[in-house]
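**Student:** Generate coordinates for the sequence data below:
(2 chains)
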Number of protein chains: 2
Amino acid sequence: MSTTLEPAAEATFRQVEAANPVVAIVGATGAVGVELLHCLEARGFPLSRLKLLASPRSAGKTLPFRSQDLVVEALDEASFEGVDIALFSAGSGISKRYAAAAVKAGAVVVDNSSAFRMDPDVPLVVPEVNAAALAGHRGVIANPNCVAAIATVALAPLHRAHPIRRLTAATYQAASGAGAAAMEELRESTAAYLRGESFEPKVLPHPYAFNLFSHNADMDVETGYNGEETKVVAETRRILDAQALPIGITCIRVPVLRAHAMALTVEFDEVVSPEEARALLAKAPGLRLVDDREKNHFPMPSEASGADDVLVGRIRTDIGDPSGRSLALFVAGDQLLKGAALNAVQIAELLLKR
Amino acid sequence: MSTTLEPAAEATFRQVEAANPVVAIVGATGAVGVELLHCLEARGFPLSRLKLLASPRSAGKTLPFRSQDLVVEALDEASFEGVDIALFSAGSGISKRYAAAAVKAGAVVVDNSSAFRMDPDVPLVVPEVNAAALAGHRGVIANPNCVAAIATVALAPLHRAHPIRRLTAATYQAASGAGAAAMEELRESTAAYLRGESFEPKVLPHPYAFNLFSHNADMDVETGYNGEETKVVAETRRILDAQALPIGITCIRVPVLRAHAMALTVEFDEVVSPEEARALLAKAPGLRLVDDREKNHFPMPSEASGADDVLVGRIRTDIGDPSGRSLALFVAGDQLLKGAALNAVQIAELLLKR
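**Tutor:** Numbering: from 1, shown residues only, chains lettered A, B, ... in the order given. Model (predicted):
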């Protein structure tokens, strides 16, 4: 099996020198930025100072952290002086422009954008899955796409035991993946619908109230796959260290606020029983089994929202595969937590000297 | 290919004798019942009289039809005297109890419940797909499950040209499939959520506001498949006359009011190009191609709602099938129209003497 799918404890990699590092958040006022603050506080991250960076437009705002109000500063090239860990979450453009400055100033960058995810010099890490990949880092570590992060937490324990040979996924993606403004648009457009009023979409390309639509990422008009689907395929393969894994995928935006769900059909090289899969998933880190057939209780966004764990259930033999070698699963995970902020903070935790 | 997948015009079957038949609707006050009235009126169905039947609780209510207010009568064994066509939509229990009385009184029953759908003596009909199956009818014709009806309209034109050898489906199902009360629960619970108030679900087993969950049909705890999934599999096979077709399916209830959507992965015996599939679907009856990659415009519940046609798009080669023999599609159809009332009225139209 793969050499990168190894527990973090066995890996060695350049760690952060400071025992109590200075941490910066780039994009602190965004949907993910706010969750980064929450995660650092909730997990008792041993930082000596937290620096909040954002666009000049947001400079001067304050955000609460550990009973203090921290003032947001405008990001510039000089912002990373004295910073040990920089958590970037302000889009690919900002990451491409400022990550080098952060590294040059001595920081390790954990980047939530897609800027470096497929760069062979940049590890793409889900700590429960491939922490050992950190070994190669040169100052920048990529935090995966939200669907890839959530899916691989559920797939890796199965893939380790029985190599996956094909994956088919249909996603049910929340507004939060398109940012705080999209979440607000879902709330506002739904309220308008319920009042019988019209609403003109501003953030998303289609009406969102009680509606769903193909993911709004740019589409490759030749292949018919959108950028979200392309990212999930490439990143899932990279995180699972399964470069040739065939993955068919349909990414759909549904009227849910902040947790993604997905229906996965997983084909193995051999027959894997639902009982064995359940046992493997039950003991895997970062997962909670929600698989109660008697009570019709399975993973739901309402229960995944705000939860660190990815929920997995509806584990059954796929009746669509006559060979009996496929399982079907349903997965839900908080897009802002495991899909973004939590995973980034978990990477930062791995970087700390132990 | 199949002998039942034939246009209606070539088939002969017992038709309704009356040129202007008396039509009864059983369950007239339900979500589907109201749509049956709309469809009969909108399509200018040549009926001489419309009789509205429902539970004693609803008797005495009035419903508008062709500028008249029709009074709802309480259903009993004698209700079908003089009725030529009885459209049943009041659940399996009512169909099992009263269909025989209707047939005995001389009516042809079009039954929207699941009571007789797998009865070999009862044709299960989607007019665009297998109208010829009406040939065997003995007074009762079954109207399919909503997902099966919508899916087969999109699949049949492909299956006729290139036999389908495997199907994988993930559904995005609207509230309407669980009835008018579920639609109201979606509206009310969402309004409560937006006001910051709690809401106790009464109709559905889980919170519905900005949430989704595994379909609420009874689950087979042995196999892990719910009743909705089992119905879709069995009925899709029967309608397509493909009894051995392997179908893997996950049915999910999403916070949408009245149109179902589904991500379909369709494997053929040979390579079928997206261009050929698009051409086949573009000319097929009951379908509207919504497949604009440039504008990111694909089937959506908001555009399927209130539409007679099933919307089909995102037609592309499935990158998850290394053999290249699979296509991916996304489909949306009005659950109350093609998924229920419209299909029943279309069956009734086929029964009329021409």
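
**Student:** Please count neighbours and contacts with C-alpha atoms only from this point.
**Tutor:** OK.

**Student:** Could you report the separation of the residue of chain A positioned farthest from its centre from chain B?
**Tutor:** Here chain A reaches farthest from its C-alpha mean at residue A:196, the gap being 35.7 Å by C-alpha atoms, centre = their mean. Distance of residue A:196 to chain B, computed by C-alpha to the nearest C-alpha, to the nearest Å: 12 Å.

**Student:** Next: residue A:218.
**Tutor:** Distance of residue A:218 to chain B, computed by C-alpha to the nearest C-alpha: 8 Å.

**Student:** ditto for residue A:113
**Tutor:** Using C-alpha to the nearest C-alpha, residue A:113 is found at 23 Å from chain B.

**Student:** that's a helix at that residue, yeah?
**Tutor:** No: remark: residue A:113 does not belong to a helix; assigned using DSSP: H, G, I helix; E, B strand; the rest coil, it is coil.

**Student:** who's in contact with it?
**Tutor:** Residues near residue A:113 by C-alpha atoms under 8 Å, 6 or more residues apart in numbering or on different chains: A:88-92, A:95, A:142-145.

**Student:** Buried ones among these?
**Tutor:** Taking 16 or more other C-alpha atoms under 10 Å in any protein chain shown as the criterion, what is buried in the contacts of residue A:113 is A:88-90, A:95, A:142-145.

**Student:** Identify the bridge partners of the residue of the stretch 101-250 of chain A found nearest chain B.
**Tutor:** Nearest to chain B, among the residues of the stretch 101-250 of chain A, is residue A:248, at 3.6 Å (C-alpha to the nearest C-alpha). Beta-bridge partners for residue A:248, by DSSP bridges, are residue A:168.

**Student:** from what I can see, the residue farthest from the centre of chain A looks like it's in a helix, true?
**Tutor:** No: assigned with three-state DSSP, residue A:196 falls outside any helix and is coil.

**Student:** any chance of the buried ones among the contacts of residue A:113 in JSON lines, plus pLDDT and distance to chain B?
**Tutor:** As requested, the buried ones among the contacts of residue A:113 are arranged in JSON lines below (pLDDT from 0 to 100; distance: C-alpha to the nearest C-alpha, whole Å):
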{"residue": "A:88", "pLDDT": "98", "distance to chain B": "29"}
{"residue": "A:89", "pLDDT": "97", "distance to chain B": "25"}
{"residue": "A:90", "pLDDT": "96", "distance to chain B": "25"}
{"residue": "A:95", "pLDDT": "98", "distance to chain B": "27"}
{"residue": "A:142", "pLDDT": "98", "distance to chain B": "25"}
{"residue": "A:143", "pLDDT": "98", "distance to chain B": "24"}
{"residue": "A:144", "pLDDT": "98", "distance to chain B": "21"}
{"residue": "A:145", "pLDDT": "98", "distance to chain B": "19"}
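
**Student:** Can you add secondary structure and give these back as CSV?
**Tutor:** Listed next are the buried ones among the contacts of residue A:113 as CSV, based on three-state DSSP:
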residue, secondary structure
A:88, strand
A:89, coil
A:90, coil
A:95, helix
A:142, strand
A:143, coil
A:144, coil
A:145, coil
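
**Student:** just for chain A, where's the confidence low?
**Tutor:** Low-confidence segments of chain A (pLDDT under 70): A:1-12, A:354.

**Student:** how does it divide up, domain by domain?
**Tutor:** As assigned by automatic domain parsing, chain A contains the domains A:8-143+A:340-351, A:149-335.

**Student:** Phi and psi next, for residue A:233.
**Tutor:** The phi and psi values for residue A:233, taken as degrees, to the nearest 10, are phi -60, psi -50.

**Student:** show me what contacts it?
**Tutor:** Residue A:233 neighbours (C-alpha under 8 Å, 6+ apart): A:148, A:247-249.

**Student:** if you set the cut-off to 7 Å instead, what comes out?
**Tutor:** The contact partners of residue A:233, by C-alpha atoms under 7 Å, 6 or more residues apart in numbering or on different chains, come to residue A:247.

**Student:** Can you give me the distance of it to residue A:265?
**Tutor:** 14 Å (C-alpha to C-alpha, to the nearest Å).

**Student:** Get me the contact residues on the stretch 51-200 of chain A for chain B.
**Tutor:** Taking C-alpha under 7 Å from any C-alpha of the partner chain, the part of the stretch 51-200 of chain A that reaches chain B is made up of A:166-168, A:170.

**Student:** In the stretch 251-354 of chain A, what residue lies closest to chain B?
**Tutor:** Taking C-alpha to the nearest C-alpha as the measure, the stretch 251-354 of chain A has residue A:320 as its residue closest to chain B, at 3.6 Å.

**Student:** Many thanks, we can stop here.
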